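In: Pasting a predicted model and its sequence here:
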Amino acid sequence: MENFTHCIPTEYHFGKGAIDCLGDCLARYGSRVLLVYGGGSIKRTGLYDTIIGICNDKALTVTELSGVEPNPQIATVRKGIALCHSESIDVILSVGGGSTIDCCKAIAAGYYYKGDPWDMALAGGCQDRSLPLVDVMTLAATGSEFDADAVISNSMTSQKLDGTYRCPDVSICDPTYTFSVPASQTAAGSADIMSHICEQYFSRVFDSDLSEAIGEGILRSVIKNLPQALSDPSDYSARANLMWDSSIACSGIPAYGKIPTLWPCHAMEHELSGFYNITHGVGLAILTPRWMRFILKKDTSVTPRFVKFARNVWGLDGNDDEALAREGIEALEDFFSSVNLPSTLTELGIGNEHFLDMANDLKEVTGGLENDYVPLTIDDIVAIYTACL
């Protein structure tokens, strides 16, 4: 096992009625709240009224920033920072999914940042100082409620940048708030959860037993519970398991004791959604099996890891390791298809015209993937994109 440091300072409230603590959680930081949300689904479900009622009961003053994009834009971050200054905000309240909380992490740090927040994003985020941040999650996907990362996009430059900002001070996760999430978003969010595990699971360290078991367990949990949530959107057990899967998958815990990877599928997908503004989980569902096939062919020394994936996650068996490794990848691809996720970029109207641009931008922004689990050159990245057509 490799050395690691555990630090997740977030106060985490999970389960039905968890929102009952929201008023006290907000009030401990002050009386002026910036409420941030997306397209308005929280109003249709009644969650907005619940939150406003809680804030009124605590005599909190609420300023609103709505319309956060699925791939949150730096322009929206700038609006939020301006509101925090003009309204003397004490605490930010994110209500929604990962995009909303990512936007809020950048706003919270950007409030104190000296300069344009896009420069902050280009620098990899900022942890020096931030406004307090509380979130109420309504989607199981990104795990942003339990980590410090945030991904911010810039439509002017077609870039989407992952940075390190701050962990939320408080996260409130009530699975009942995910009942109304459409099937397509539920499936895409679950693909994101699975990708978070795969990015950490495919490692050359085999003796971090607990981390291995946690990763495999989360994958099996999603495989079990996603179809149940799609069949019955109000199945509390299925929704609760997916929400907890989401939080732990991106917490770093499944990687403890392992050699860190560069999260290649996320790096490649950020280019895709930066250029084409597609749903993050959809891009990952398309990319991940192609990346797997590519690295298995490029470096057969990773075959034992794929065999472990096939046996422990999918319950497959056989004496031919090469065949079993391929069958595990096929099982993942078939699962994504079974929950009606797109399987090719062609289905999304994406051609090969920007593949080289995206690979070059990935190299420029992140430093490239030449030092990853299986090293990938610019030509390799283009080949993986091409295999996704």
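Out: Happy to help now that I have it. Numbers count the residues shown, from 1 in each chain.
In: Tell me where the stretch 251-389 of the chain has helices.
Out: 264-276, 280-298, 303-314, 321-338, 355-366, 378-387 (DSSP state H, counting those that start in this stretch).
In: Mind telling me what element the residue positioned nearest the centre of the chain is part of?
Out: Nearest to the mean C-alpha position of the chain, by CA atoms, centre = their mean, lies residue 142 at 2.5 Å. Of the helices and strands defined by DSSP states H and E, none includes residue 142.
In: okay but it is in contact with residue 97, surely?
Out: Yes: between residue 142 and residue 97 there is a contact under CB atoms under 8 Å: 6.8 Å. The way it works is simple: take the backbone N, C-alpha and C, and place the C-beta from them, glycine included.
In: Can you pull the residues that touch both of these two?
Out: Jointly contacting residue 142 and residue 97 under the rule CB atoms under 8 Å, 6 or more residues apart in numbering are residue 189.
In: The longest helix belonging to the chain packs against which elements?
Out: Secondary structure of the chain read by DSSP state H shows that its longest helix is helix 209-231. Under the contact criterion of 3 or more CB pairs under 8 Å, 6 or more residues apart in numbering; DSSP states H and E, helix 209-231 touches helix 183-201, helix 236-249, helix 303-314.
In: Columns mean pLDDT on top of the ones you listed, output as CSV?
Out: Shown next, in CSV, are the helices and strands packed on helix 209-231 (pLDDT from 0 to 100):
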stretch, mean pLDDT
helix 183-201, 97
helix 236-249, 98
helix 303-314, 98
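In: what's near enough to touch residue 321?
Out: By CB under 8 Å, 6+ apart, the residues touching residue 321 are 303, 304, 307.
In: which ones are touching the residue nearest to residue 113 when sequence neighbours are not counted?
Out: Nearest residue to residue 113, sequence neighbours excluded (CB to CB, 6 or more residues apart in numbering): residue 120, at 4.9 Å. With contact taken as CB under 8 Å, 6+ apart, residue 120 is in contact with 106, 109, 110, 113, 126, 163.
In: So what's the residue count around the second one?
Out: Spelled out, it's residue 109. 28 (other CB atoms under 10 Å).
In: Check residue 250 too.
Out: When neighbours are defined as other CB under 10 Å, residue 250 has 26 of them.
In: Is it correct that it is in contact with residue 148?
Out: No: under the criterion of CB under 8 Å, residue 250 is not in contact with residue 148, lying 10.3 Å apart.
In: CSV for the helices of the stretch 251-389 of the chain, including distance to residue 92?
Out: Output for those, formatted as CSV (distance: least, CB to CB, whole Å):
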stretch, distance to residue 92
helix 264-276, 24
helix 280-298, 22
helix 303-314, 37
helix 321-338, 34
helix 355-366, 27
helix 378-387, 36
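In: I'd like to know which of the ones you listed lies nearest to residue 35.
Out: Taking CB to CB, helix 280-298 is the member of those nearest to residue 35, at 23.8 Å.
In: who does that closest one touch, helix- and strand-wise?
Out: Helices and strands touching helix 280-298, by 3+ CB pairs under 8 Å, 6+ apart, are helix 183-201, helix 264-276, helix 303-314, helix 321-338, helix 378-387.
In: helices or strands next to the last one in the packing?
Out: Taking 3+ CB pairs under 8 Å, 6+ apart as contact, the helices and strands that helix 378-387 lies on are helix 264-276, helix 280-298, helix 355-366.
In: elements contacting the last one?
Out: It stands for helix 355-366. By 3+ CB pairs under 8 Å, 6+ apart, helix 355-366 packs against strand 159-164, helix 264-276, helix 378-387.
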